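Asks: Have a look; sequence and predicted model below, questions after that.
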Amino acid sequence: MIAAAGLLYLGLFALAASMNRHQRALAGPWHQQGAAPLLAPGGWLLILCSLIAMLPHWQGGIGLVSWIGLLPLVGGLLLLGLSYRPRWLVQAVGGAIAIVILGVMTGA
């Protein structure tokens, strides 16, 4: 569940960074000419990976329900961060990557 939360954060962040209205607030190296068109498809792929990461650990149905519950929680955190502290969201990308690695290593 830890890895799924990190992947979900990274996916929703990539989707937000791909939108024109958030590009200035979420500026970073991902807005370079070659990487910018890949943000939205990459975000959707990360969201799908977070769903796939949830299913084996929770016997299918429970994993799906847990992922659906995790989705508004992470989305709400991003929404509040975009409204009040967009710089914190950019800094939290490194933390989300560390959470994904920790979750994969521990199997959680």
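Replies: Everything's here; your move.

Asks: Find the nearest non-adjacent residue to Ala27, please.
Replies: Val90 (7.8 Å; CB to CB, 6 or more residues apart in numbering). C-beta: built from backbone N, CA, C; applies to glycine.

Asks: scratch that, Cys49 is what I was asking about
Replies: Nearest non-adjacent residue to Cys49, counting by CB to CB, 6+ apart: Leu7, 5.1 Å away.

Asks: now the helix or strand harbouring that neighbour: mean pLDDT?
Replies: If you go by DSSP states H and E, Leu7 is part of helix 2-18. Taken as a whole, helix 2-18 has a mean pLDDT of 91.

Asks: Can you spell out which helices and strands pack onto it?
Replies: helix 39-54, helix 61-84, helix 86-106 (3 or more CB pairs under 8 Å, 6 or more residues apart in numbering; DSSP states H and E).

Asks: thought the residue nearest to Cys49 was touching Ala53?
Replies: Yes - with contacts counted by CB atoms under 8 Å, Leu7 reaches Ala53, the gap being 6.1 Å.

Asks: So the two - more neighbours on which side?
Replies: Leu7 (27 against 22; other CB atoms under 10 Å).

Asks: ok, back up a step: next, the buried residues of the helix holding Leu7.
Replies: Using 16 or more other CB atoms under 10 Å as the test for burial, helix 2-18 gives 2-18.

Asks: Stretch 87-99 now?
Replies: By 16+ other CB under 10 Å, the buried positions in stretch 87-99 come out as 89-90, 92-93, 96, 99.

Asks: Repeat that for stretch 61-78.
Replies: 63, 66-67, 70-71, 74, 78.

Asks: quick one: average confidence on stretch 42-57?
Replies: The model assigns stretch 42-57 a mean pLDDT of 89.

Asks: Now tabulate the helices and strands packed on helix 2-18 in a markdown table and tack on distance to Ala27.
Replies: Listed next are these as a markdown table, based on distance: least, CB to CB, whole Å:
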| stretch | distance to Ala27 |
| --- | --- |
| helix 39-54 | 12 |
| helix 61-84 | 13 |
| helix 86-106 | 8 |
